[in-house]
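K.L.:
okay, here's the prediction I keep looking at, along with the sequence it came from:
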Amino acid sequence: MIVLYAALAILAVVVLIIVLDVDPMISLVIGSLGLGLAAGLGPTATLSTIVEGFGSIMAEVGLLIGFGVLIGSLLFAMQALQRLVAGLLRLLGARKLPYAMAVVMTTLFPSIYVDVQLVLASPLARSAAPQIGARGLGLMGGAVTAGILVGYVFVVPGLGTVSIAGLLGVPLGTMLVYGLLVGPLTALLTVAVYALVLRAGFWNPEKDEDPSESLLEAEALAERTAPSQKPAPGTGDGPVTRTASRVPPLPVALLPVLVPLVLIATGATLDAVGASNPVVAFLGDPALALFVGLLGAFVLARISLGREGTNEALAKGFDTTGQILLITGVGGSLGAVIAATDLADVLSGLFTADAGAPIVVTILLAWLIAAVLHLAIGSISVAAIAAAGIIGPVLGQVDVAPPIVGLAIGAGALFALHVNSNFFWMFQSLLGVSTSGALKALTFVTSLASVIALPLITVLGLVT
């Protein structure tokens with residue numbers, strides 16, 4: 001019955017938000033309360049789980065969100081992101097940018113925490129969207145989704161990939177080779193198929209785009225901050241880039257983003273190969289790395305924008321941060337309530353009963369268990385870890401290479417990231433889309449990537 005209760009709770013949240021137009025935060029609390037009581041947790045345990053779930057998410061991502069949003073606000077005010085987008089568009093063209101972004105993020109940045117990647121990539125996606133077309137935000141949102149999350153579950157040292165490899169006893173070097181065969185191709189195909197779906201009218205800007213007032217005000221502030229406007233050299237009537245007379249050169253302006261990425265990636269990579277030490281762990285901690293980036297952005301903003309402009313940009317960033325933190329925390333509460341049930345125990349017998357099945361069946365079963373866990377729990381990493389924990393003890397009884405099983409688990413854990421995930425609400429707020437827009441650019445795209453990866457993994461399993 002717990003599977004049915006979890007499904008009904010998730011459905012209720014979606015209906016409340018989309019059909020009845022109830023505020024997402026209120027809907028999530030209602031869904032959490034209803035599930036906890038229906039599952040037999042009891043009133044006291046349900047309430048305490050909701051509170052603990054909120055606190056746990058805040059402890060995990062609160063500072064990351066706050067620092068990341070403030071960095072983005074300052075960089076936007078200094079026109080750094082707008083200038084970067086203009087350069088990328090000149091170099092790649094509007095049609096190629098989403099594909100390049102997805103593949104690069106999957107291949108080069110899987111070590112970065114997904115929440116950090118999202119807060120740093122979102123302003124870039126929003127800045128590039130108008131240059132791509134009427135459905136540009138939908139396409140860039142899908143590219144961000146594929147780029148961040150496909151790498152997270154397939155490519156070492158992505159946290160999901162490393163966790164799966166560790167639990168299944170797969171060497172990281174082996175997992176890296178297999179992941180690079182599947183991950184970038186999955187991201188590329190996902191964006192290509194999603195672009196075709198968008199052209200068929202899947203995205204409705206009026207209904208699917210809904211930036212918060214504070215997000216719009218922060219962008220308007222950036223427009224006011226830059227006093228001059230002129231077409232980019234050699235572009236005629238092409239993309240217009242505003243540049244303030246005292247803004248730092250673009251490579252310098254991007255250091256508040258690049259330095260944290262390098263610090264975090266270095267720390268995660270050295271940790272993955274067992275070469276970490278206290279200094280590396282300290283400098284590579286995501287919270288510290290982003291704080292270093294925030295300090296750098298603050299100094300650059302004070303030089304280029306002055307005290308008043310910097311304070312205005314920070315104020316708008318704080319407004320946006322508060323909204324994101326609240327709804328992100330409540331989204332984590334629903335996931336915590338589901339995790340408190342015995343859903344994982346219900347699924348554990350399923351794989352054990354079918355140990356020794358053919359290769360294709362084994363791959364599909366590993367995918368299914370991880371997918372169901374993710375649908376219920378709302379955390380890719382938790383679903384992947386739980387599925388690997390279920391399958392690991394019987395791995396010796398199946399006629400499939402362990403890395404293939406690991407990839408199948410990763411693909412399943414990627415399936416249909418939705419309203420019970422704090423990442424969903426971060427995505428909605430940071431990209432400036434409505435709940436329906438997030439369901440399309442995030443939930444649909446993760447489902448698409450998960451399904452596209454399956455035949456690739458199956459073929460790889462049959463030939464290895």
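P.N.:
Perfect, thanks for sending it. Numbering: from 1, shown residues only.
K.L.:
show me where the stretch 101-250 of the chain has strands.
P.N.:
Counting by DSSP state E, counting those that start in this stretch, the stretch 101-250 of the chain has strands at residues 229-231, 240-242.
K.L.:
would you mark the buried spots in the one helix or strand Ala387 maps to?
P.N.:
Ala387 belongs to helix 380-391 when assigned by DSSP states H and E. Under the neighbour-count criterion of 16 or more other Cβ atoms under 10 Å, helix 380-391 has 380-388, 390-391 buried. In short, each C-beta sits where N, CA and C put it, glycine included.
K.L.:
so what touches it?
P.N.:
With contacts defined as Cβ atoms under 8 Å, 6 or more residues apart in numbering, helix 380-391 is touched by 114, 149, 152-153, 159-160, 163-164, 167-168, 335, 339, 344, 347-348, 351, 366, 369-371, 373-374, 377, 405-406, 409-410, 412-414, 417, 421, 423.
K.L.:
now with 7 Å, please.
P.N.:
Residues from elsewhere that reach helix 380-391, judged by Cβ atoms under 7 Å, 6 or more residues apart in numbering: 149, 152-153, 159-160, 163-164, 167-168, 339, 344, 347-348, 351, 366, 369-370, 373-374, 377, 405, 409-410, 412-414, 417.
K.L.:
repeat that for stretch 402-410.
P.N.:
Contacts with stretch 402-410, where a contact means Cβ under 7 Å, 6+ apart, come from 153-154, 160-161, 164-165, 168-170, 174-175, 178, 182, 362-363, 366-367, 370, 384, 387-388, 391, 395, 457, 460-461, 464.
K.L.:
at 6 Å what do you get?
P.N.:
Residues outside stretch 402-410 that contact it (Cβ atoms under 6 Å, 6 or more residues apart in numbering) are 153-154, 160, 164-165, 168, 170, 174-175, 178, 182, 363, 366-367, 370, 384, 387-388, 395, 457, 461.
K.L.:
please indicate which of those are buried?
P.N.:
Neighbour counting over those (16+ other Cβ under 10 Å) leaves 153-154, 160, 164-165, 168, 170, 175, 178, 182, 363, 366-367, 370, 384, 387-388, 395, 457, 461 as the buried ones.
K.L.:
list the ones among those that fall in helices.
P.N.:
Using DSSP state H, the members of the buried ones among the contacts of stretch 402-410 that fall within helices are 153-154, 160, 164-165, 168, 175, 178, 182, 363, 366-367, 370, 384, 387-388, 457, 461.
K.L.:
what are the C-alpha coordinates of the helix or strand hosting Leu454, in PDB please?
P.N.:
Secondary structure assignment for Leu454, by DSSP H and E: helix 445-463. Output of helix 445-463 as PDB, limited to C-alpha atoms (Å, rounded to 0.1, in the frame of the first residue of the first chain):
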ATOM      1  CA  VAL A 445      13.700  16.000 -19.800                       C
ATOM      2  CA  THR A 446      15.000  13.700 -17.000                       C
ATOM      3  CA  SER A 447      12.500  11.100 -18.100                       C
ATOM      4  CA  LEU A 448      13.600  11.500 -21.700                       C
ATOM      5  CA  ALA A 449      17.300  11.200 -20.800                       C
ATOM      6  CA  SER A 450      16.600   8.100 -18.600                       C
ATOM      7  CA  VAL A 451      14.700   6.300 -21.400                       C
ATOM      8  CA  ILE A 452      17.200   7.300 -24.100                       C
ATOM      9  CA  ALA A 453      20.100   6.000 -22.000                       C
ATOM     10  CA  LEU A 454      18.400   2.500 -21.600                       C
ATOM     11  CA  PRO A 455      19.000   1.200 -25.200                       C
ATOM     12  CA  LEU A 456      22.600   2.600 -25.100                       C
ATOM     13  CA  ILE A 457      23.300   0.800 -21.900                       C
ATOM     14  CA  THR A 458      21.600  -2.400 -23.100                       C
ATOM     15  CA  VAL A 459      23.700  -2.500 -26.300                       C
ATOM     16  CA  LEU A 460      26.800  -1.900 -24.300                       C
ATOM     17  CA  GLY A 461      25.800  -4.700 -21.900                       C
ATOM     18  CA  LEU A 462      25.300  -7.100 -24.800                       C
ATOM     19  CA  VAL A 463      28.700  -6.500 -26.300                       C
END
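K.L.:
may I see the buried residues of that helix?
P.N.:
Residues 445-454, 456-458, 460-461 are the ones in helix 445-463 that count as buried (16+ other Cβ under 10 Å).
K.L.:
check stretch 20-31 too.
P.N.:
24-25, 27-31.
K.L.:
surely His374 and Leu414 touch.
P.N.:
No. Contact criterion Cβ atoms under 6 Å: His374 and Leu414 do not qualify, at 7.4 Å.
K.L.:
the two: which is more packed in?
P.N.:
Leu414 (32 against 28; other Cβ atoms under 10 Å).
K.L.:
which residues touch that one?
P.N.:
By Cβ under 6 Å, 6+ apart, the contact set of Leu414 is 149, 153, 446, 449-450.
K.L.:
tell me which of the residues you listed is nearest to Asn311?
P.N.:
Proximity of the contacts of Leu414 to Asn311 (Cβ to Cβ) peaks at Leu149, which lies at 35.3 Å.
K.L.:
separation between that closest one and Gln131?
P.N.:
24 Å (Cβ to Cβ, to the nearest Å).
K.L.:
now do Val400
P.N.:
Val400 sits 45 Å away from Gln131, going by Cβ to Cβ.
K.L.:
what sits against Pro211?
P.N.:
Taking Cβ under 6 Å, 6+ apart, we find Pro211 in contact with Gly432.
K.L.:
phi, psi for it please.
P.N.:
Main-chain torsions, Pro211, degrees, to the nearest 10: phi -70, psi 140.
K.L.:
which residue lies nearest the spatial centre of the protein?
P.N.:
Val114 (4.9 Å; Cα atoms, centre = their mean).
K.L.:
please identify the helix or strand for the nearest residue to Gly66 once chain neighbours are set aside.
P.N.:
Leaving out its chain neighbours, the residue that sits closest to Gly66 by Cβ to Cβ, 6 or more residues apart in numbering is Thr321, at 4.9 Å. Secondary structure from DSSP H and E places Thr321 in helix 286-339.
K.L.:
now for that helix, which elements pack on it?
P.N.:
helix 24-38, helix 43-77, helix 213-225, helix 255-272, helix 359-377, helix 422-431 (3 or more Cβ pairs under 6 Å, 6 or more residues apart in numbering; DSSP states H and E).
K.L.:
where among those helices is the average confidence lowest?
P.N.:
Among those, helix 213-225 has the lowest mean pLDDT, at a mean of 60.
K.L.:
for the helices and strands packed on helix 286-339, which one ends up most surrounded?
P.N.:
helix 422-431 (a mean of 26; mean count of other Cβ atoms under 10 Å).
K.L.:
Asp288: how many residues sit nearby?
P.N.:
No, residue 288 isn't Asp; it's Leu. Other residues close to Leu288 by other Cβ under 10 Å number 18.
K.L.:
let's see the pLDDT reported for it.
P.N.:
We have a pLDDT of 87 for Leu288.
K.L.:
rewinding a little: for burial, what's the neighbour tally of the residue nearest to Gly66?
P.N.:
Neighbour count for Thr321, taken as other Cβ under 10 Å: 21.
K.L.:
run a quick neighbour tally on the closest residue to Val153 other than its chain neighbours.
P.N.:
With sequence-adjacent residues excluded and distances taken as Cβ to Cβ, 6+ apart, Val153 is closest to Gly410, at 3.4 Å. Burial of Gly410 is recorded as 37 neighbouring residues (other Cβ under 10 Å).
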